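Q: Provide a 3D model corresponding to the input given below.
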Amino acid sequence: MTRILVTGATGNVGRPLVNRLLAEGHDVRALTRDPARAALPDGVEVVRGDLANPAGLFDGVTAAHLITFAGDPAAIAEAARGLTRVTLLQGSLTADPLEQALRAAGLRPTCLAPVEFMSNVLEWADSIKAEGVVRDGFAAMPSSMIHESDIADVAACALTQDGHQDKEYWLTGPEALTAPEKVAVLSKVLDREIRFEELTADQMVAVWTSWGFGEEDVAFMLQVRTDPPVQGRTVLPTVEEVTGHPARTFADWVQENAAAFR
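A: Numbers count the residues shown, from 1 in each chain. Okay, here's the model as predicted:
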């Protein structure tokens, strides 16, 4: 048994990771800003806080799941010194300062590099419910999107088993689907007709801007939608190689989240 800190514990990856580790008999410390609303399982040590103030968060833990988009990298790495295993959920395509800081502190993180999350299609939920239509751009570009629980399963293996330190795992689902193909899966699983209407690149930029994204974020999203890394449109066997089970399909995800579209 190990005591494991999970940051981002109520997020799309953190929550299934907490559940899996707890089911396997590990002690779990879950970091969240609002414990009262966390709704995490009994038996989890729920801690209020965030990585902006890492002092004490790692006391008594042997491993930790970290995210790259919060806190000061040097302070986090210093607080994490001595951990036996660390997973790092990466959020960009470039070298990450937290990874560099962890290595400078003598740690050997397992870097998790997932492609598009299947949960991104929740952006379509309102228009599907109201109109039975999906409006999106870049219809010809496939995405090897991944189920968040598969990311959590890979993280759980790396946090509890030897042999994963210093590895970088690009994580994809078992199929590469274009936006119209995703809509076809939604239609089949939800048993309703859903139309796809393609938007131009300029229209997509206008949509993202209306959602409040700044120029830098819009430029990044435009890049990954028009020229994604090869892993983002290629099916890789990493999930099955690490966990021993096949990656979950998009149809699996839709079935689990059908209520969001009805």
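Q: what separation do you get for residue 122 and residue 136?
A: Going from residue 122 to residue 136 by C-beta to C-beta, to the nearest Å gives 13 Å. C-betas here are computed from N, CA, C, even on glycine.
Q: more crowded one of those two?
A: Counted by other C-beta atoms under 10 Å, residue 122 and residue 136 do not tie: residue 136 has more neighbours, with 22 against 14.
Q: tell me the spacing between that one and residue 24.
A: The value you get for residue 136 to residue 24, if C-beta to C-beta is used, is 38 Å.
Q: quick check: domain ranges of this protein?
A: 3-108, 118-146+173-234+248-261 (automatic domain parsing).
Q: give me the below-cutoff pLDDT ranges for this protein.
A: 1, 69-70, 92-95 (pLDDT under 70).
Q: going along the chain, name the helices of it.
A: 14-23, 73-79, 97-104, 125-131, 148-160, 179-190, 201-210, 215-226, 238-243, 250-256 (DSSP state H).
Q: can you tell me which of the ones you listed is most buried?
A: helix 148-160 (a mean of 24; mean count of other C-beta atoms under 10 Å).
Q: tell me how many other residues crowd the residue lying closest to residue 2 once chain neighbours are set aside.
A: Nearest residue to residue 2 in three dimensions, chain neighbours excluded: residue 62, at 4.7 Å (C-beta to C-beta, 6 or more residues apart in numbering). Other residues within reach of residue 62, judged by other C-beta under 10 Å, total 18.
Q: now swap in the one 4 residues further on and tell me
A: The number of residues packed near residue 66 is 27, by other C-beta under 10 Å.
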